[in-house]
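Engineer: Give me the fold of what follows.
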Amino acid sequence: KKEKEIDEQTSLLAERVSKRSARSFKKDPNLGRTIGWVSVAFITFFNVSGGPWGSEMVVSSMGPFYGLLGITVFALCLGVPMILVTSELSSMFPDDGGYSIWVSEAFGEFWGFQLSYWSWVAGTMDNCLYPVITFRLAEALLFPGVVGFWSSWLCKSVLAVAFSIPNFFLIDELGKGLAVVFVVVIFPFIILSVNGFLHGDFRRILEVRDVSSGSEGAYKSWVNLINVLYWNVSGFDCISTCSGEIKNPGFSILMGLFTCLVMIYLSYIIPLAATTAVDKPPWQGWHEGTFSVIAREQMGSWLASILLFAGLIGNMGMHVAELFEDTWQLCGMAQCGLAPSIFGYKDPKYKTPTLAIAFSLTIMVVMVALPFEKLLMIDNFFSVASGLLEYSSFLKLRYSDPLALRPYRVPMGFTGCAAMLSVAMSLTCVVLFSSLFSTLFHFLVNTCAVAFGLLLYVLHKYSNGTLWKEWEEKKAKKVAEEKRVQDRKKYDKIVAIAEAQNSGKILPIQSKITARTNVKVKKGAKERNVLKKSKHRRRKGATPTNLGKSGSNSDGDSIRSGSPAPPNMPDGPNP
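Structural biologist: You can find the predicted model right below:
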């Protein structure tokens, strides 16, 4: 009876989800899935954090007290709710596509399209941050205040191109080795933390920045703090885009994401507290990339060099992981007709979405000219908008379909979930408005980007989803024609072989095989003839002693001199 109820629930759910998602419920839930909870933890770590890079402004914006307290508040009020939402909805829709499927099923195609577009924009802006952070690390350590605007833009563009090169040639193996990269990234911060705990004064973590000089300065400091905090703890939903490859999603995603949250929290709170306790250089002057200077002032140039190398490896790893996710999302949108079909092109040798990568890289090369704070505001605006849609889709599905099959379910009813998410949604709304109205530049850029997404959807609906499919149809016709030619060649080859066999001819490619086969056939025929004659003699009363070296047997069969006598056959029928 219980199995029947589950089957009924699965059938009801299958009517509303995509065909691919429906198949995921009907087959073995672990069939073809290779990612466990440990891999989920490390993959998410490098998509969300990748280390304390860029967290220096958490301390310098409003002081170490508010910064360290803010990390705890954001981890609990934003990180935990997003982990619970991602775990439940990924187990409800255990298929690749993640949050795009959630929102489409809850609110329809329009909001699913907008979420996919916003997520891609946020990911592309996020990719711009890693070359900027790496450049600032090197600049602060090697040539502070010397590089001009155009020189710095050229250096950051070169870093963006260099970081993106692996994505052109790699599709597999990207998730392997993340534990080794994690150790390389965290190692210099462990040394800094030990030094801080041994020689630091932890009364300094209670200090706050003096912003009494003006309300404008205080507002800007709070805006910077809120946006940096959100950027450092957001992105746990990224693992949902590959939930179709995760074994036992209901357990693995929940366990992996909570493990990741602990890793991220400790990688922020311990190094920031320890380096603030030593306070060399003073925390009031920290900005993104200052960790290399902190390592040099507190431990020496040797640790600064190690940290610079770790920063290069860590930021490159985060860039590769983020670009991999974003370009495959753009490729998937193209294959579904939600984006120009040209972005669906894949390299015939490496099977990577080459044109989608090239398009994203072109945007990155232009946008890295902006400073870290402006890129962060654009990234956070679209990331927060996506998060609000995901929270809303969770509540909508809980309310409209409470009995749907969910291998993992948040242990609260609809009212409890709404209360939990109200805190997270209120906090994200603060980030949304602060990033939208922080400056006139951000307001214009964000609103124009949102309007462009609306225009794309109007064009998509006006063409009934076929506006971008002309190139894809031509490509499909070309592939079908090539397949038809190959099939014709195979058919002609089979016909030629059959005709050669019927005519007794031996084709050159079959000469060796045919020769071996003929030898075996002749040998087998000879043995069968000998046994047949022996059986015939036994029936006539002939024995091996009646046979001479030459002459004939009792049947008059001619026997050549020196021929071996056939073996005695057993009485009765031939076995």
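
Engineer: Now do the helix or strand encompassing residue 40: everything it contacts.
Structural biologist: Taking DSSP states H and E as the criterion, residue 40 maps to helix 37-48. Contacts of helix 37-48 from elsewhere in the structure, counted by Cβ atoms under 8 Å, 6 or more residues apart in numbering, are 35, 175, 178-179, 181-182, 233-236, 238-239, 242, 246, 251-253, 255-257, 259-260, 263-264, 317-318, 321-322, 325. Glycine gets a C-beta too; all of them are placed from N, C-alpha and C.

Engineer: can I get the CA coordinates of the helix or strand just after it in CSV?
Structural biologist: Using DSSP H and E, the next helix or strand after helix 37-48 towards the C-terminus is helix 56-62. Once non-C-alpha atoms are left out, helix 56-62 reads as follows in CSV (Å, rounded to 0.1, in the frame of the first residue of the first chain):
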residue,chain,number,x,y,z
GLU,A,56,39.9,41.9,4.2
MET,A,57,37.1,44.6,3.8
VAL,A,58,34.9,42.6,6.3
VAL,A,59,37.3,44.0,8.9
SER,A,60,38.2,47.4,7.5
SER,A,61,34.6,48.5,6.6
MET,A,62,33.2,48.9,10.1
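
Engineer: So which bits of the helix or strand following helix 56-62 are buried?
Structural biologist: Using DSSP H and E, the helix or strand that follows helix 56-62 in sequence is helix 64-74. Neighbour-count burial for helix 64-74, with 16 or more other Cβ atoms under 10 Å as criterion, is recorded at 64-68, 70-71, 74.

Engineer: and what of stretch 430-437?
Structural biologist: Quick answer for stretch 430-437 (16+ other Cβ under 10 Å): 430-432, 434-436.

Engineer: Take these and keep only those in helices.
Structural biologist: 430-432, 434-436 (DSSP state H).

Engineer: circling back to that earlier point, from the buried residues of stretch 430-437, which single one is nearest residue 397?
Structural biologist: residue 432 (22.5 Å; Cβ to Cβ).

Engineer: What distance do you get for the closest one to residue 109?
Structural biologist: 23 Å (Cβ to Cβ, to the nearest Å).

Engineer: Kindly report the same for residue 39.
Structural biologist: From residue 39 to residue 109 the distance is 32 Å (Cβ to Cβ).

Engineer: And the two? Which one has more around it.
Structural biologist: residue 39 (20 against 14; other Cβ atoms under 10 Å).

Engineer: ok so, going back, so can I have CSV of the buried residues of stretch 430-437 showing distance to residue 379 and pLDDT?
Structural biologist: Shown next, in CSV, are the buried residues of stretch 430-437 (distance: Cβ to Cβ, whole Å; pLDDT from 0 to 100):
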residue, distance to residue 379, pLDDT
430, 16, 89
431, 11, 88
432, 12, 89
434, 13, 85
435, 8, 85
436, 13, 87
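
Engineer: from these, which single one is nearest residue 373?
Structural biologist: Nearest member of these to residue 373, counting by Cβ to Cβ, is residue 435, at 10.4 Å.

Engineer: so the closest one touches residue 381, yeah?
Structural biologist: Yes - if you go by Cβ atoms under 8 Å, residue 435 and residue 381 touch, sitting 4.3 Å apart.

Engineer: Let me know the secondary structure of the nearest residue to residue 280 once chain neighbours are set aside.
Structural biologist: Of all residues not flanking residue 280 in the chain, residue 297 sits nearest, at 4.1 Å (Cβ to Cβ, 6 or more residues apart in numbering). Assigned with DSSP: H, G, I helix; E, B strand; the rest coil, residue 297 falls in the helix class.

Engineer: count of residues packed around residue 297?
Structural biologist: By other Cβ under 10 Å, 15 other residues sit near residue 297.

Engineer: Can you verify my assumption that it contacts residue 283?
Structural biologist: No - using Cβ under 8 Å, residue 297 makes no contact with residue 283, being 11.9 Å away.

Engineer: What is the host helix or strand of residue 263 packed up against?
Structural biologist: Using DSSP H and E, residue 263 maps to helix 249-278. The contact analysis (3 or more Cβ pairs under 8 Å, 6 or more residues apart in numbering; DSSP states H and E) places helix 249-278 against helix 37-48, helix 56-62, helix 64-74, helix 80-92, helix 178-199, helix 215-233, helix 291-298.

Engineer: got the angle between the first one and helix 80-92?
Structural biologist: Between the direction of helix 37-48 and that of helix 80-92, the angle (axes from the mean of the first three to the mean of the last three Cα atoms, to 10 degrees) works out to 130 degrees.

Engineer: quick one: helix 37-48 to chain centroid distance?
Structural biologist: Mean-position distance between helix 37-48 and its chain equals 10 Å (Cα atoms, centre = their mean, to the nearest Å).

Engineer: got the contact list for residue 438?
Structural biologist: By Cβ under 8 Å, 6+ apart, the contact set of residue 438 is 220, 223, 227, 377.

Engineer: go again using 7 Å as the cut-off
Structural biologist: With contact taken as Cβ atoms under 7 Å, 6 or more residues apart in numbering, residue 438 is in contact with 223, 377.

Engineer: Report the secondary structure state of it.
Structural biologist: Classified using three-state DSSP, residue 438 is coil.

Engineer: Provide the backbone phi and psi angles at it.
Structural biologist: Here the main-chain torsion angles of residue 438 (degrees, to the nearest 10) amount to phi -60, psi -40.

Engineer: Could you report the distance from it to residue 406?
Structural biologist: 39 Å.

Engineer: what's the answer for residue 62, then?
Structural biologist: According to Cβ to Cβ, residue 62 stands 40 Å off from residue 406.

Engineer: Then residue 238?
Structural biologist: 21 Å.

Engineer: Nearest residue to residue 397 in space, please, no chain neighbours.
Structural biologist: Nearest to residue 397 is residue 106, by Cβ to Cβ, 6+ apart, at 5.4 Å.

Engineer: Could you check the angle the helix or strand containing residue 319 makes with helix 291-298?
Structural biologist: Per DSSP H and E, residue 319 falls inside helix 301-335. If you take the same axes, to 10 degrees, helix 301-335 sits at 170 degrees to helix 291-298.
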